[in-house]
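Colleague: Model the following, please.
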Amino acid sequence: MKMAILARWNTACGVSLHAELIGKELVKNGHSLTAFAPNNIRPIGED
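Modeller: Okay, here's the model as predicted:
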């Protein structure tokens with residue numbers, strides 16, 4: 001089955017962690033996964 005996730009990806013936050021864990025399990029179970037995520041761009045001066 002084709003699946004999609006709309007969430008932050010590969011960044012330090014709880015939403016990203018959940019999306020990655022769920023996504024890996026979906027792929028492991030044979031689903032096709034597409035992740036839609038915003039660019040991880042932070043304003044200058046914020047780390």
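
Colleague: Please name the nearest non-neighbouring residue to the most centrally placed residue in the chain.
Modeller: Nearest to the mean C-alpha position of the chain, counting by CA atoms, centre = their mean, stands W9 at 3.2 Å. Closest residue to W9 apart from its sequence neighbours, by CB to CB, 6 or more residues apart in numbering: A37 at 3.8 Å. C-beta coordinates here come from the backbone N, C-alpha and C atoms, glycine included.

Colleague: Report how many residues lie close to the one you found.
Modeller: Using other CB atoms under 10 Å, A37 is surrounded by 15 other residues.

Colleague: thought the residue nearest to the centre of the chain was touching A19?
Modeller: Yes - here W9 reaches A19: they are 6.1 Å apart, a contact under CB atoms under 8 Å.

Colleague: Spit out the residues that contact these two alike.
Modeller: Counting by CB atoms under 8 Å, 6 or more residues apart in numbering, the shared contacts of W9 and A19 are 35, 37.

Colleague: Only the buried residues of stretch 8-18, if you could.
Modeller: 8-9, 16 (16 or more other CB atoms under 10 Å).

Colleague: for those, which one is nearest L33?
Modeller: Lowest distance from L33 to those (CB to CB) belongs to W9, with 11.1 Å.
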